[in-house]
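> here is a sequence with its predicted model. Questions after.
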Amino acid sequence: MKHILSTAFVLSIFWLANSGHYSVLLLALGAISVALVVFIAHQMDVVDHESQPFQLYGINLAKYFLWLIGKIVSSNFQVVKLVWQGKPAISPCVGWVALSQKTEVGKVIYANSITLTPGTVAMNLDDDRVFIHALTRQSLAEVVSGEMDRRVTAVER
Amino acid sequence: MLEQGNIVSHICLLVGAFLILSGGLGILRFPDFFTRMHAAGITETLAATLIIVGLMIIAGWGIVQLKLFFILLFVMITSPTASHALAKSALHGGLQPKVKNVVDGDSP
């Protein structure tokens, strides 16, 4: 129930923020749209702890986002450097890396974070490991060192 | 437009444009599909962020700024998903990445 309410709340805010018109007719149409979308989402069985992950919200998630932004910026500049240096500078490699997240949401956050940082792409996901393509050996070694893995696991708890 | 924006937004837009140029150059220069995807990653992460932040500053406080923020949020959620889907289906389709060496990451 709280997941349904939360979905309706988020959709209402999103609708209000995007509309910019607040006449009675349009508000009523908005309310109908929100109700319809919540109904369809409920029928699709996607309104649950994965689409509304209350259990993740906390100081660790905020800390992780800040760390991830820094990481994205620094690896962006690394890849830009590699682009301008050209083909000799890169050493593409692939490898399986162990992951320590227990829930599916945690694993997806980890794999998506790997893909979001340029230089590494998560290509496949198992129960306890992730298959990675990296632009250089250093960037794969960085993932293997497991700092991001530990931080995502900390968010999960 | 110039009097509305300030120096910060111009820097954001210029750096973003440079990053998009670098991303495009990387797509042309890198040897295979998977390495090119990393170059595209520049365009969809920091370049997109800087362009949208620059536009947000120009737009000023209001509904347009909020909409730009939503665009940024959705790009950040969808682009890694799309990259992952591309890489996985390329791998599944039998395209082998050109590698210099295979690192066994199972026992770090």
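Noted; the coordinates are in hand. Residues are numbered from 1 along each chain as shown, chains lettered A, B, ... in the order given.
> B:Phe70 contacts A:Val10, correct?
No. Using CB atoms under 8 Å as the test, B:Phe70 is too far from A:Val10 to be in contact (11.8 Å). Yep, even glycine has a C-beta here, placed from its N, CA and C like the rest.
> mind listing the strands for chain B?
For chain B, applying DSSP state E gives strands covering B:101-102.
> would you point out which residue is most central in chain B?
B:Glu44 (1.6 Å; CA atoms, centre = their mean).
> ok, that one touching B:Val75?
Yes. The pair B:Glu44 / B:Val75 is scored as a contact, 6.6 Å apart, by CB under 8 Å.
> can you tell me how far B:Leu73 sits from chain A?
Here the criterion is CB to the nearest CB, to the nearest Å. By it, B:Leu73 lies 10 Å from chain A.
> what about that residue, neighbour count?
11 (other CB atoms under 10 Å in any protein chain shown).
> what helix or strand does the residue nearest the centre of chain A sit in?
Centroid-nearest residue in chain A, with CA atoms, centre = their mean: A:Ile109, separated by 4.6 Å. Using DSSP states H and E, A:Ile109 sits within helix A:104-116.
> just the C-alphas of that helix, formatted as PDB.
Output in PDB follows, covering the C-alpha atoms of helix A:104-116 (Å, rounded to 0.1, in the frame of the first residue of the first chain):
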ATOM      1  CA  GLU A 104      18.900  -7.600  -7.000                       C
ATOM      2  CA  VAL A 105      18.500  -3.800  -6.600                       C
ATOM      3  CA  GLY A 106      22.000  -3.600  -5.200                       C
ATOM      4  CA  LYS A 107      23.500  -5.600  -8.000                       C
ATOM      5  CA  VAL A 108      21.700  -3.400 -10.600                       C
ATOM      6  CA  ILE A 109      22.900  -0.200  -8.900                       C
ATOM      7  CA  TYR A 110      26.500  -1.600  -9.000                       C
ATOM      8  CA  ALA A 111      26.400  -2.800 -12.600                       C
ATOM      9  CA  ASN A 112      24.800   0.500 -13.700                       C
ATOM     10  CA  SER A 113      27.400   2.500 -11.800                       C
ATOM     11  CA  ILE A 114      30.100   0.600 -13.600                       C
ATOM     12  CA  THR A 115      28.500   1.400 -16.900                       C
ATOM     13  CA  LEU A 116      27.900   5.000 -16.000                       C
END
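> is the helix or strand following that helix up against chain B anywhere?
Next in sequence after helix A:104-116, counting helices and strands by DSSP H and E, comes strand A:120-125. Yes. With CB under 8 Å from any CB of the partner chain as the measure, strand A:120-125 is seen reaching chain B through A:Thr120, A:Val121, A:Ala122, A:Met123, A:Asn124.
> columns neighbour count and pLDDT on top of those residues, output as TSV?
Shown next, in TSV, are the residues of strand A:120-125 next to chain B (neighbours: other CB atoms under 10 Å in any protein chain shown; pLDDT from 0 to 100):
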residue	neighbour count	pLDDT
A:Thr120	25	90
A:Val121	28	90
A:Ala122	26	90
A:Met123	25	89
A:Asn124	17	88
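> which of those residues lies closest to B:Thr35?
A:Val121 (9.8 Å; CB to CB).
> tell me the domain ranges of chain A?
Per automatic domain parsing, the structural domains of chain A span A:2-43, A:58-156.
> ok, and which of those has the densest surroundings?
domain A:58-156 (a mean of 19; mean count of other CB atoms under 10 Å in any protein chain shown).
> excluding chain neighbours, what is closest to the residue nearest to the centre of chain B?
B:Ser79 (4.1 Å; CB to CB, 6 or more residues apart in numbering or on different chains).
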